[in-house]
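Q: this one's sequence-less:
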């Protein structure tokens, strides 16, 4: 059993199962992942960069990247770690860009 299969949620399917269903063509599976992570990612990025409005844009970028690269996701890893890593990289890039422009 992979790490994704073990990552169960009390309110629904495991993240890995939702990712697999999305790749198999289930139109609602990706929306469920968005609903599951959107608020937490927004809070994480907002705290990191200190700008809520810009954090909203970055959260959208996170989900665009997840959507585009989900086929290449290593299913032996946990989805939550992967998505937070993407969010962290985008937030760090934002801080670096902000530092260069000041």
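A: Perfect, thanks for sending it. Since the model is a prediction, treat every value here as computed from it, not as a measurement. Numbering: from 1, shown residues only.
Q: Please state the offset of stretch 30-43 from the chain centre?
A: 7 Å (C-alpha atoms, centre = their mean, to the nearest Å).
Q: where do the helices sit along this structure?
A: Assigned by DSSP state H, the helices in the chain fall at 3-6, 15-23, 29-49, 52-69, 79-101.
Q: Format these as a markdown table; extra columns: mean pLDDT.
A: Compiled in a markdown table, the helices of the chain are given as follows (pLDDT from 0 to 100):
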| stretch | mean pLDDT |
| --- | --- |
| helix 3-6 | 42 |
| helix 15-23 | 94 |
| helix 29-49 | 97 |
| helix 52-69 | 98 |
| helix 79-101 | 92 |
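Q: With respect to burial, which of those scores highest?
A: Of the helices of the chain, the one with the most neighbours on average (mean count of other C-beta atoms under 10 Å) is helix 15-23, at a mean of 19. Just so you know, the C-beta spots here come from the backbone N, C-alpha and C atoms, and that holds for glycine as well.
Q: In this structure residue 62 contacts residue 87, no?
A: Yes. With contact defined as C-beta atoms under 8 Å, residue 62 counts as touching residue 87 (5.0 Å).
Q: Need the overlap of contacts for the two.
A: Common neighbours of residue 62 and residue 87 (criterion: C-beta atoms under 8 Å, 6 or more residues apart in numbering): 41, 45.
Q: measure stretch 63-79 end to end?
A: 12 Å (C-alpha to C-alpha, to the nearest Å).
Q: Done for today, thanks.
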